[in-house]
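Colleague: Return a 3D structure for these sequence lines:
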Amino acid sequence: MRTTLYLIRKEFLQIFRNKFISKAIFAVPIVQMLLLVPAVTFEIKNVDLCVVDMDLSTASRSLITRLEGSSFFRVNQQSFSLEEAQKLLHRDQCDMILHIPTGFGRDLVRDQGSSVMVSANAINASTAQLSWAYLNGVLRDYNMELIAEMTGNSGSVAGSGSITGAGSLAGAESAGLPGTTVISGKGTLPEALPRISITNRYWYNELLTYSWFMLPGILGILITAIGFVLAGLNLVREKEVGTIEQINVTPVKKVQFMASKMIPFLLIGLIDLALGLAIGRLVFHIPFEGSAGLLFLGSAIYLVAVLGLALLVSTFSSTQQQFMFVAFFIMILFILMSGVFTPVESMPLWAQKVNLANPLVYLMRINRMVMLKGSEFGDISGNIGALLIIAALFMGFAVRKYRKTA
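Modeller: Prediction:
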């Protein structure tokens, strides 16, 4: 034990003598939290909408005004030519086209119903689908308002004019626009408005604040970068400068040596986690419903797993460049498949099976469940157990692979 403590002291001295690393340890979490949490978001706002109003009626103007008043749409282009609007879509000068045909207002007054066509740039399919959902919601509200005005009754009515929107995805060739997808189809509002009043409530994030969802994920990325990269580089650097040979000729055991390499970065990772949580609380006002001790327990086990993998990779690497190449590859896989940005449940079955060996998946669940839901140990025990197994495997392989050679 005494030998291990001396080695740990040596590691701390070595870390803080490096001015760049000592500053990066505390600067990286601050910059990463302040930049990534508000910047990385899948919220769709300010969708650029081009309106082709061929009707120029009071009804069409009322619909456009409703879209301009929405927080999701920005009517920045108007045209009287559908071909010109499609050129704007092709040049990325707008995201969607709303085509209001001639006779739109007249058909509504005559109770014949009317239709509009929506074309959307679906290079990013999720953005196109969300934009269409927002637009469909605006059209649905506008329908209800029209029916109430025409009948003078906000209850159940029938036989009133309504707007038909668009709904299914067609191929890009149908619009003659390479790289785009036109949303087209039909969907009508029911003839009778229901009397049932529907209310909803969102649990754990009632205001749908996206930063609350992203911050636990960014915390996982933060401690991954600190633990995985710095610990591996530290061991490889000793190989390059030759100081590791002095330790190899001593009676220090492999387990003691690996522990001394792991514990300093484990402590640094937990300190950075605390710093990130403080920034999240003070700057982004993220709630913390669960136990801080439980969160740190899960993070500590995760760090042991990541540090074990870093030390395992460093045993194969002769230079820092070799380690960084492998580390970059592994981190990209861990982060993109962890559920930070896309749900793991939406991935193919084979990817979900591969994720069984991805420790960041379990940390994401622990962070979000503890911070936002207030989950207790019993709720996350499966994730804790999986992390313990992965940590034991990675550390065991790292110790076994490391060879003391003079």
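
Colleague: Only C-alpha atoms, please: export stretch 256-276 in CSV.
Modeller: Extracted C-alpha coordinates of stretch 256-276, given in CSV (Å, rounded to 0.1, in the frame of the first residue of the first chain):
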residue,chain,number,x,y,z
GLN,A,256,0.5,-1.4,-8.1
PHE,A,257,1.8,0.3,-11.2
MET,A,258,-1.6,0.2,-13.0
ALA,A,259,-3.4,1.5,-9.9
SER,A,260,-1.0,4.4,-9.6
LYS,A,261,-1.7,5.3,-13.2
MET,A,262,-5.5,5.0,-12.7
ILE,A,263,-6.2,6.6,-9.4
PRO,A,264,-5.0,10.2,-10.1
PHE,A,265,-7.1,10.5,-13.3
LEU,A,266,-10.0,8.8,-11.5
LEU,A,267,-9.9,11.6,-8.9
ILE,A,268,-9.4,14.3,-11.5
GLY,A,269,-12.4,13.0,-13.5
LEU,A,270,-14.6,13.1,-10.5
ILE,A,271,-13.5,16.7,-9.7
ASP,A,272,-14.2,17.7,-13.3
LEU,A,273,-17.7,16.0,-12.9
ALA,A,274,-18.4,18.1,-9.8
LEU,A,275,-17.2,21.2,-11.7
GLY,A,276,-19.5,20.4,-14.6
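
Colleague: which residues touch it?
Modeller: Contact with stretch 256-276 is made by 3-4, 7-8, 10-12, 15, 25-26, 28-30, 32-33, 218-219, 222-223, 226-227, 230-231, 234-235, 247, 296, 299-300, 303-304, 307-308, 311, 395, 398-399, 402, 404, as judged by CB atoms under 8 Å, 6 or more residues apart in numbering. Where C-beta positions appear, they are placed from N, C-alpha and C, glycine not excepted.

Colleague: Go through the residues you listed and flag which are in strands.
Modeller: Within the contacts of stretch 256-276, no residue falls in strands by DSSP state E.

Colleague: Looking at those, which are in helices?
Modeller: Those of these mapping onto helices are 3-4, 7-8, 10-12, 15, 25-26, 28-30, 32-33, 218-219, 222-223, 230-231, 234-235, 247, 296, 299-300, 303-304, 307-308, 311, 395, 398-399, per DSSP state H.

Colleague: In PyMOL, select just the buried ones from those residues.
Modeller: Those of the ones in helices among the contacts of stretch 256-276 that count as buried under 16 or more other CB atoms under 10 Å are selected in PyMOL with:
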select buried, resi 4+7+8+11+15+25+28+29+32+33+218+219+222+223+230+231+234+235+299+300+303+304+307+308+311+395+398+399
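
Colleague: average model confidence for stretch 84-95?
Modeller: The predicted model gives stretch 84-95 an average pLDDT of 88.

Colleague: then that stretch to PDB, C-alphas only?
Modeller: This file holds the C-alpha atoms of stretch 84-95, laid out as PDB (Å, rounded to 0.1, in the frame of the first residue of the first chain):
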ATOM      1  CA  GLU A  84     -39.100  30.100 -58.700                       C
ATOM      2  CA  ALA A  85     -39.900  28.800 -55.200                       C
ATOM      3  CA  GLN A  86     -38.500  25.400 -56.100                       C
ATOM      4  CA  LYS A  87     -35.300  27.100 -57.300                       C
ATOM      5  CA  LEU A  88     -35.000  28.800 -53.900                       C
ATOM      6  CA  LEU A  89     -35.400  25.500 -52.200                       C
ATOM      7  CA  HIS A  90     -32.800  24.000 -54.400                       C
ATOM      8  CA  ARG A  91     -30.300  26.800 -53.500                       C
ATOM      9  CA  ASP A  92     -31.000  26.300 -49.800                       C
ATOM     10  CA  GLN A  93     -32.500  29.800 -49.500                       C
ATOM     11  CA  CYS A  94     -35.600  28.300 -47.900                       C
ATOM     12  CA  ASP A  95     -36.400  25.100 -46.100                       C
END
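
Colleague: got the contact list for residue 99?
Modeller: By CB under 8 Å, 6+ apart, the contact list for residue 99 reads 52, 54, 82, 85, 116, 117, 118, 119.

Colleague: Phi and psi next, for it.
Modeller: Dihedral pair for residue 99: phi -100, psi 110, per degrees, to the nearest 10.
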